[in-house]
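Visitor: Next one to model:
(one chain, ligands or ions: 1)
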Amino acid sequence: MKPKILVLYYTQTGQLRQILGSITGPIADKVELFFVPIEPVTPFPFPWTALQFFDAMPETVTHLPANVKPLPASAFEHDYDLVIFGYQPWFLNPSQPTTAFLQSADARILKNKPVVTVVGSRNMWLHAQEKVKDYLLKAGAKLTGNIVLSDSNPNLVSLLTVIRWSFKGQKEASGMLPAAGVQNKDISEASRFGQPILQHLTDNNLIDLQRALLEAGAVPLKTGLVILEQRGIKNFRFWAKFIREKGGPGSPARAGRVMMFKNLLLIAIFILSPISTATALIQQIAKRNKLIKDVAYFRQLEFEPDKM
Ligand SMILES: Cc1cc2nc3c(=O)[nH]c(=O)nc-3n(C[C@H](O)[C@H](O)[C@H](O)COP(=O)(O)O)c2cc1C
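Guide: Below is the predicted model of the structure:
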């Protein structure tokens, strides 16, 4: 009998579905694949207005997401050998539909299952993955692999293109700027992860899967990212609380604070960025050994609460 793999995911633009299709493509005739999308009750807008986009931050960061639809009953009819769980970070946390699913009763579908997470990000996914690890533990799942795809362009370039993509809906290259998101070449080359997944599954050796995935380059990670995320998440937590004092999602009373957050974030990114990059570099040198340890930790699957 062919192994059964559940591929569970949320995607707004279809990028993550493409990534998952690429990873599973080479093994599609050797396993039974069940693709099940997670769907919000009310879809998030795309393209977003700036207000809609930044208004999604507080509930994303505080893990109070908008509801998702229940999974179809047919998803529960099979006993899966593996779950591939695809998600994307929003504001350094799992996207709202991902969190909503992981908090829902349907997360029982993960119980006692080995899970490979697949992250489709711009490039800041560390804190989100820590949260997902925690939810998986609570659901009784066993994390057995992690594959991360990010935009390989320089940080500021990927920020400019993600802004064009989110607010204009344009992923394609234009002017001096490349295409947004995970580059097409990286999406198609993700097919290299399919074979190790199948091999370790059929050999009953999932315990060794992450080593093989890492050898295939599944988790590219630079030390600078650890510092940037640690700084970012502290600020987001502050702003999330400050904005929520004025009301819930979409509340006109909080629009002023949302736009204040947006403006300060853009100033921090584009104007203060050279300064923060310099201080991050100094920190990188001063805390070199700790950061090397941190990078090794984030490439692996263990979960230490409050690591971020
Ligand atoms: C509201 C929002 C916030 C995002 N925040 C982050 C982030 O913190 N880190 C990151 O690497 N990417 C971030 N992204 C990019 C997404 O992780 C993802 O790569 C992109 O939205 C495409 O995913 P899709 O498959 O859902 O279309 C964000 C995207 C959105 C829409």
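Visitor: worst-scoring helix or strand of this protein, pLDDT-wise?
Guide: Ranked by mean pLDDT, DSSP states H and E, the weakest helix or strand in the chain is helix 273-286, scoring a mean of 73.
Visitor: avg pLDDT for stretch 4-11?
Guide: Mean per-residue pLDDT for stretch 4-11: 98.
Visitor: Buried ones in it, by neighbour count?
Guide: Buried residues in stretch 4-11, counted by 16 or more other C-beta atoms under 10 Å: 5, 6, 7, 8, 9, 10, 11. From N, CA and C alone the C-beta is placed, and that goes for glycine too.
Visitor: from those, which are also near the ligand?
Guide: residue 11 (C-beta under 6 Å from any ligand atom).
Visitor: ok, the buried residues of stretch 4-11 vs residue 39, which is closest?
Guide: Checking the buried residues of stretch 4-11 against residue 39 by C-beta to C-beta gives residue 10 as the nearest, at 7.7 Å.
Visitor: Quick check: that closest one touching residue 98?
Guide: Yes. Applying C-beta atoms under 8 Å, one finds residue 10 in contact with residue 98, separated by 5.5 Å.
Visitor: Now list whatever residues contact both of these two.
Guide: 38, 87, 88 (C-beta atoms under 8 Å, 6 or more residues apart in numbering).
Visitor: need the contact list for the first one.
Guide: Translated: residue 38. 8, 9, 10, 68, 71, 97, 98, 100, 101.
Visitor: And the last one, by the same measure?
Guide: Residues touching residue 88, when contacts are defined by C-beta under 8 Å, 6+ apart, comprise 10, 11, 12, 15, 16, 94, 95, 98, 119, 120, 121.
Visitor: per-residue confidence for residue 306?
Guide: 84.
Visitor: quick one: secondary structure of whatever residue of the stretch 201-308 of the chain ends up closest to the ligand?
Guide: Closest approach between the stretch 201-308 of the chain and the ligand, counting by C-beta to the nearest ligand atom: residue 232, at 7.8 Å. The three-state label given to residue 232 by DSSP: H, G, I helix; E, B strand; the rest coil is helix.
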